[in-house]
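Trainee: sequence and predicted structure, then a few things I'm wondering about:
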Amino acid sequence: MKKIQMVDLKSQYEKIKSTVDASIQEVLDTTTYINGPKVHEFQKNLEEYLDVKHVIPCANGTDALQIAMMGLGLQPGDEVITADFTFAATVEVIALLQLTPVLVDVDIVNMNISIDAIKKAITPKTKAIVPVHLFGRAANMEAIMRIANEHNLYVIEDNAQAIGANCKFSDGTKRKAGTIGHVSSTSFFPSKNLGCYGDGGAIFTNDDALAHTIRGIVNHGMYVRYHHDVVGVNSRLDSIQAAVLNAKLPLLDSYNKVRQNAARKYSSAFEGHKNIIAPSICDICDCHVFHQYTLRIIDADRNALMEHLLAKGIPCAIYYPIPLHSQKAYVDSRYKEEDFPVTNQLVKEVISLPMHTELDDEQIKYITESVLEYI
């Protein structure tokens, strides 16, 4: 059996080596390393894939989220509602812009932001909602957009983990995660479903005026060289990373299908076990593309299970071990522990197993048997 990796980027690269190498070589031959043809080509290809009017590439996913908020013109003190159970980058950029983060609980079933918690958190100072499509599962964007429209709020989708996922609406229509809110951000960190070989990110929007503003922000506030019309930053996707992404984008749907099939095999092995809650898999709308495969361990020692798996050569991880409201940087007297019952439960239960495009049946069998052996 091959050595099990949490993410096996080397094996993935070996299968697409000739395509990736040729794409990178084009950049080296033209020496257009910043804002070169490969960046514009990738931008157009991703716009077509997502069916979104504007993709603005940038340096990384955290920048993408910050720039999206800058583009909306949010002001210091404006309240921004987001999920307590997620990676810190989501709340980090809110705080960096001197906005007021409002952390709320998540749903016990899908681990995404709770619709009821959003409703309870809205005040006259609320200006935006940031749903996170956590672990690759699309949040309930229909309900979130309904709330936003009722209260005249912006919606900024944090789509760092769910590129390619579909959101299905009650009328039967589907739209890609990241194309529904007013603006969205994504990350191309190497381990993502669509990852480059360094850092990279992008912002999506269907709003022409907002796209124009954001295009200036990512490039020092310039639309014409040395004319700085808005306060900007230096955040550009370099051409070599765009070349890698351009080579991998046509494979994204097939990569997501492979992840979904691996998730089915995992969940089938755990089905009916009283101590294991596995993620559900929707065969209708592809709403989960499994950036992570995350179990909940009930009435058993999750931490001991992790030690057991690591001892057997199985990498695993806890995403996330500490709620954002308990992190030293974001502690606030506004937050009460009773406001976060689900998040406080999840941080004690969750464990993520290896998930990537190169998992094979032998590895999945060994992983699932090792989990069941302990539980």
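Mentor: Everything's here; your move. Here the structure is a predicted model, which means the values were calculated and not measured.
Trainee: any weak-confidence spans in the stretch 151-300 of the chain?
Mentor: 284-285 (pLDDT under 70).
Trainee: now do Q43, the pLDDT please.
Mentor: Note on Q43: pLDDT of 98.
Trainee: residue contacts, it?
Mentor: 55-57, 202 (CB atoms under 8 Å, 6 or more residues apart in numbering). C-beta: built from backbone N, CA, C; applies to glycine.
Trainee: name the residues of the host helix or strand of it that are buried.
Mentor: According to DSSP states H and E, Q43 maps onto helix 37-50. Buried residues in helix 37-50, counted by 16 or more other CB atoms under 10 Å: 38-39, 41-43, 45-47, 49-50.
Trainee: same thing with stretch 87-94?
Mentor: Going by neighbour count (16+ other CB under 10 Å), the buried part of stretch 87-94 is 87, 89-94.
Trainee: check stretch 262-273 too.
Mentor: 262-263, 266-267, 269-270.
Trainee: just stretch 120-133 next, same as before
Mentor: 121-122, 126-133.
Trainee: helices - which of those residues land there?
Mentor: When DSSP state H defines the helices, the subset of the buried residues of stretch 120-133 inside them is A121.
Trainee: how near is the closest residue to D207 other than its chain neighbours to P321?
Mentor: Distances taken as CB to CB, 6 or more residues apart in numbering place H182 nearest to D207, at 6.4 Å, with adjacent residues excluded. H182 sits 32 Å away from P321, going by CB to CB, to the nearest Å.
Trainee: which one's more surrounded, the two?
Mentor: H182 (20 against 11; other CB atoms under 10 Å).
Trainee: next one: that one from L210, what distance?
Mentor: Separation of H182 from L210 (CB to CB): 7 Å.
Trainee: JSON lines please, covering the buried residues of stretch 120-133 and showing distance to Y223 and pLDDT.
Mentor: Formatted as JSON lines, the buried residues of stretch 120-133 follow (distance: CB to CB, whole Å; pLDDT from 0 to 100):
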{"residue": "A121", "distance to Y223": "37", "pLDDT": "98"}
{"residue": "I122", "distance to Y223": "35", "pLDDT": "98"}
{"residue": "T126", "distance to Y223": "32", "pLDDT": "98"}
{"residue": "K127", "distance to Y223": "26", "pLDDT": "98"}
{"residue": "A128", "distance to Y223": "25", "pLDDT": "98"}
{"residue": "I129", "distance to Y223": "30", "pLDDT": "98"}
{"residue": "V130", "distance to Y223": "27", "pLDDT": "98"}
{"residue": "P131", "distance to Y223": "31", "pLDDT": "98"}
{"residue": "V132", "distance to Y223": "31", "pLDDT": "98"}
{"residue": "H133", "distance to Y223": "31", "pLDDT": "98"}
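Trainee: just checking, which of the buried residues of stretch 120-133 belong to strands?
Mentor: Using DSSP state E, the subset of the buried residues of stretch 120-133 located in strands is 126-130.
Trainee: just the closest of the buried residues of stretch 262-273 to E358, please.
Mentor: A262 (9.6 Å; CB to CB).
Trainee: so the closest one sits against I364, correct?
Mentor: Yes - between A262 and I364 there is a contact at 6.3 Å, judged by CB atoms under 8 Å.
Trainee: count the residues that sit near G181.
Mentor: Per other CB under 10 Å, the neighbour tally for G181 reads 26.
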